[in-house]
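*Asks:* Predicted model and sequence below, questions to follow.
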Amino acid sequence: MGKRRLNGSIEAIEKDKYRLRVTVGYNPKGNPIRKSKTITAKSEKKAEKMLIDFIHLLEKDNYLSFTEMKFEDFVYKEWYPNYAKKEYSYHTSTGYKEELEHYFMPTLGYKKLKEIKPIHLKKIVDDQTRYDGKKQPLSRSSQTKRFSAIKSVFKFANDYQFLNNNPLDKVSLAKNRSLEIKGVGYYTLEEIPLLIKALDNEREELQLIVLIALVTGARRGEIAALESKHINSQTNSITFEQMIIDEKSKGATLHHTTKTGVAKTVSVPQDLITKIKLFDDKRKHDLAAVSIKPKRDFLFCNANGDAKLASGISRIWKRFLKRNNLRHIRFHDLRHTNASWLLSQNVNIKVIQERLGHSDIQTSMNVYTHVQKEMDQNASATFDAFFK
């Protein structure tokens, strides 16, 4: 890439105020990518001098030659603030950033973008080592997340012409690992009644949290963010339009969006709505009795009426399973159990997709292939009587 000077312009906003704009590149559609800055200057001549200083600063930060940027600088200065935070949910963008920090920064952080070759990326993508030091191999889902994170970075670099080609074009996730994971994360049709029976002896809050997850397939952060207004007794439905995310140093933080960025309303049995309403009325009464007026009506709150940590749901779930000698699955796997049950009841896959909030029906099909295999085995078992 040859040497060139960045181009800039000055726009007078009001007396002694100017806006500086510098074109630092072009996106795939040919539209300019600009950096801007508002300044105070006594005259246009002084503003022009400040524009030159602004251009020099940008050139110093490698805008003059994008490929001279180190991978670490590119991730933190370009990809994360200008793309990831805008395109993805908080959960996804921070998750991708953590994957990059744990797996890619130690090896690639100091390298310039132009120095990174497909083989560098392939070795890291195929590595099954866990950053937490545990000896178990990295799960397929974790490998996929790692690959998606780096794929996002280089797609952005290529699309916005930081690089002329994408070194990941020739890299794919290794296919030598089976997609079948030991202890598949869902309860079978025989185990679901055992789960329901075990709930009878638990406190009402835990009962409702588990039943909502089982019936709606909602994520733990979506359940933690439920408020009174989201429960509709007229239509017997629950609306999920926000989520609780556990942020470091901030605790339970409310985000006015779901993981996919799309709100969903799910129909549920009337008996569940009735149980939720009775629980909610008692919650409000108990808070009022001690003169607590929370800012928001969270269904599942702490003693002050504030939202609980989403991770707290996973903790009480683990303790519940241990108390009742139930097979351990993640709380998130109640979402898979929900889909498994619906599939077994011949519910249309499109309906399941909409209830779970999958943006792509293929996601539903891929995730629940194991359920279809079980259904096929059950169908085969119906012929056993012919051979007895």
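*Replies:* Okay, I see it.

*Asks:* Name the helix or strand for residue 266, please.
*Replies:* strand 264-267 (DSSP states H and E).

*Asks:* That strand pairs with which strands, and in what direction?
*Replies:* strand 237-240 (antiparallel) (DSSP bridges).

*Asks:* Now the element after the strand it pairs with, going C-ward?
*Replies:* Trace forward from strand 237-240 with DSSP H and E and the next one is strand 243-247.

*Asks:* Now do the buried residues in that next one.
*Replies:* Using 16 or more other CB atoms under 10 Å as the test for burial, strand 243-247 gives 243, 244, 245, 246. Any C-beta I mention is one placed from the backbone N, CA and C, and that applies to glycine too.

*Asks:* Next: stretch 286-294.
*Replies:* Per 16+ other CB under 10 Å, stretch 286-294 contains these buried residues: 287, 294.

*Asks:* Tell me the confidence at the residue nearest the centre of the chain?
*Replies:* With distances taken as CA atoms, centre = their mean, residue 92 lies nearest the centre of the chain, 3.4 Å away. For residue 92, the pLDDT comes out at 86.

*Asks:* What of residue 312?
*Replies:* For residue 312, the model assigns a pLDDT of 92.

*Asks:* And for residue 151?
*Replies:* Confidence score, pLDDT, at residue 151: 92.

*Asks:* Got phi/psi on it?
*Replies:* In terms of degrees, to the nearest 10, the main-chain angles of residue 151 are phi -60, psi -40.

*Asks:* With adjacent residues omitted, what lies nearest to it?
*Replies:* residue 168 (5.7 Å; CB to CB, 6 or more residues apart in numbering).

*Asks:* Residue 216 now?
*Replies:* residue 266 (4.5 Å).

*Asks:* List the contacts of that neighbour.
*Replies:* 215, 216, 217, 218, 237, 238, 239, 240, 355 (CB atoms under 8 Å, 6 or more residues apart in numbering).

*Asks:* Can you tell me the SS state at the residue lying closest to residue 48 once chain neighbours are set aside?
*Replies:* Leaving aside its chain neighbours, residue 48 sits nearest to residue 10 (6.4 Å; criterion: CB to CB, 6+ apart). Classification of residue 10 by DSSP: H, G, I helix; E, B strand; the rest coil places it in strand.

*Asks:* same thing with residue 194?
*Replies:* Residue 194 ends up helix, using three-state DSSP.

*Asks:* burial measure for it, as a count.
*Replies:* 15 (other CB atoms under 10 Å).

*Asks:* what's the spacing between residue 327 and residue 190?
*Replies:* Distance of residue 327 to residue 190, given as CB to CB, to the nearest Å: 11 Å.

*Asks:* Looking at those two, which is more packed in?
*Replies:* Just comparing residue 327 and residue 190: by other CB under 10 Å the higher neighbour count belongs to residue 327, 11 against 7.

*Asks:* got a pLDDT number for that one?
*Replies:* 93.

*Asks:* Also residue 340?
*Replies:* Reading off the model, residue 340 has pLDDT 82.

*Asks:* surely it meets residue 185?
*Replies:* No: the criterion here is CB atoms under 8 Å, and residue 340 misses it with residue 185 at 10.0 Å.

*Asks:* which of these two has more neighbours?
*Replies:* residue 340 (25 against 18).

*Asks:* Mind giving me the packing neighbours of whichever strand or helix holds the more buried one?
*Replies:* Under the criterion DSSP H and E, the helix or strand holding residue 340 is helix 333-344. Packing partners of helix 333-344 (3 or more CB pairs under 8 Å, 6 or more residues apart in numbering; DSSP states H and E): helix 204-216, helix 349-356, helix 361-367, helix 369-381.

*Asks:* lowest-confidence stretch among those helices?
*Replies:* helix 361-367 (a mean of 57).

*Asks:* For the residue nearest to residue 48, give the beta-bridge partners.
*Replies:* Beta-bridge partners, per DSSP bridges, of residue 10: residue 20.

*Asks:* Contacts only, for it.
*Replies:* 18, 19, 20, 21, 44, 47, 48, 51.

*Asks:* So the last one sits against residue 11, correct?
*Replies:* No: Residue 51 sits out of contact with residue 11 when judged by CB under 8 Å, with a separation of 10.6 Å.

*Asks:* Alright, that wraps it up for me.
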